[in-house]
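1. When you get a sec, could you give me coordinates for this:
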Amino acid sequence: MENLFDFLALVQVAAGLYLLWQGIVWLAYVRRRLKTDPGFYAPRTAVICPCRGMEPGLERNLVSLCEFDHQNYEVFFVLAAESDPAHSIVKRVASTSRTKAHVVIAGKPENCSEKVNNLRVAVEQLPPEFEVLVFVDSDGRPGKTWLHHLVAPLTDSRIGATTTMRWFCPNDNGLSTALLAAWNASVVTMLGPHNKNFCWGGGTAIRRVIFEQIGMLDAWQYSFSDDYSLTTMIERARRQIVFLPECLTPSYVQTDFAGLLEFSTRQIRITRVYRPRMWATAFATHFLYCFTLIIGLMVVMNLTLASRPSFQVMTLLILPPLLAAIRGALRVIGVTEAMPALRSQIMSQSWIYILLGMFVPFLYLVNFFSSIIGRRIRWRGIEYEVISPEQTRILTP
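-> Sure thing, here's the model as predicted:
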């Protein structure tokens, strides 16, 4: 067992050093992007926000979408029905907004998720003068310059889409909420200066002409995932998805353990359907990390019980989590520089992203094993069966 652990530990240390280097490259990219002048490109833009149900800070989140320093845009809030609990808040925000805001009732979905149906209906109803489509989520709270920075790079017609990612800020001191924030943090460094970026539905901008050229409305017709489907179609068109760390979006969260497992497992299950190679690679990576630590603990216990020295084993056991913690620190540095207004809050909660990050792979492992069994997904009270990327069945009447 000692020889097995030595081999696995060395593999993990090598992988950790490689990922640490990738973290340094990511931080350099963040700093480079923050120094980039966005330019003056400000086309007619439609900000489309699908909504369903109540959530913490909903009204403030929606108001932030109406306060961008971008003169040439309108907001479209989309719900499936007027009976939605969020309708009154959405209607109030739209009616009091200084920016022109609309409330769109999309109706019930048939062969896709409610979110995708909301997006499809909103795009279909858009007047022709809108040149750029921006998709956002109702749980994000972007800053005033966010929209301009997200749209401006589209002046380069070779770009397929620009995107960013959320950063969860815990609203309470609960362990479940802290784990959710740490779980999500690792996703941020998956995006960077490379050609493997994917769109995030809470912050993606695309030229309307490209959206139509790639046949996105048809692709969404039977889809569950708005962003993975969009990513696939942009990749097929061989266009670039550019990650913009200057547009990182704070999302204030509070959850219990049931909510934590529902959210995290849902994301991994969706990934298994839409990006099976990414799913398999991530599964293997997290499994080996967790397996190595478990084997290491067993070896240390055996050596201790046998009164044999265990310093070498302990060193190898500590190194992989230590490298993970350093990567977590690099994320915190990059995010605080990208969102300076939230620097004090993020720094006060930095232990979440640094220390808990060492143990998050075990949560991911639970998600991966759960995602193997079945393809049923619950999203905001509606249950779906995601049979394939092009086939979605609604199970909730």
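2. So Pro142 sits against Leu65, correct?
-> Yes - under the criterion of C-beta atoms under 8 Å, Pro142 makes contact with Leu65 at 7.4 Å. Quick note: C-beta positions are derived from backbone N, CA and C, even for glycine.
3. Residues that sit against both of the two, list them.
-> Shared contacts of Pro142 and Leu65 (C-beta atoms under 8 Å, 6 or more residues apart in numbering): Val136.
4. Please, where are all the helices along the stretch 151-300 of the chain?
-> For the stretch 151-300 of the chain, applying DSSP state H, counting those that start in this stretch gives helices covering 175-188, 208-213, 216-220, 226-236, 257-274, 276-305.
5. what about Ala324, distance to Leu119?
-> Applying C-beta to C-beta, to the nearest Å, the value for Ala324 to Leu119 is 36 Å.
6. and the two? which has more neighbours close in?
-> Leu119 (26 against 23; other C-beta atoms under 10 Å).
7. give me every residue that touches that one.
-> So Leu119 contacts Ile48, Pro50, Val78, Phe135, Trp220, Asp226 (C-beta under 8 Å, 6+ apart).
8. Among the residues you listed, give me the pair with the biggest separation.
-> Val78 and Trp220 (13.2 Å; C-beta to C-beta).
9. When those two are compared, which one has more neighbours?
-> Val78 (26 against 22).
10. Surely that one is within a strand?
-> Yes - counting by DSSP: H, G, I helix; E, B strand; the rest coil, Val78 is part of a strand.
11. ok, now how distant is it from Gly215?
-> From Val78 to Gly215 the distance is 21 Å (C-beta to C-beta).
12. repeat for Arg120
-> Per C-beta to C-beta, Arg120 is found 12 Å from Gly215.
13. of those two, who's got more company?
-> Of the pair Arg120 and Gly215, Arg120 is the one with more neighbours under other C-beta under 10 Å, namely 22 against 13.
14. I'd guessed the more buried one sits against Ala219; true?
-> No - using C-beta under 8 Å, Arg120 is not in contact with Ala219; the gap is 9.9 Å.
15. Give me the below-cutoff pLDDT ranges for the stretch 251-397 of the chain.
-> Scanning the stretch 251-397 of the chain with the threshold set as pLDDT under 70 gives no residue ranges.
16. Tell me who's in contact with the nearest residue to Asn195 once chain neighbours are set aside.
-> Sequence neighbours aside, Gln240 is the residue nearest to Asn195 in space, at 6.7 Å (criterion: C-beta to C-beta, 6 or more residues apart in numbering). Counting by C-beta under 8 Å, 6+ apart, Gln240 touches Arg158, Ile159, Gly160, Asn195.
17. Give me the distance between Gln240 and Asn111.
-> Using C-beta to C-beta, Gln240 is found at 30 Å from Asn111.
18. How about Trp26?
-> Trp26 is 38 Å from Asn111, by C-beta to C-beta.
19. neighbour count winner among the two?
-> Counted by other C-beta under 10 Å, Trp26 and Asn111 do not tie: Trp26 has more neighbours, with 24 against 15.
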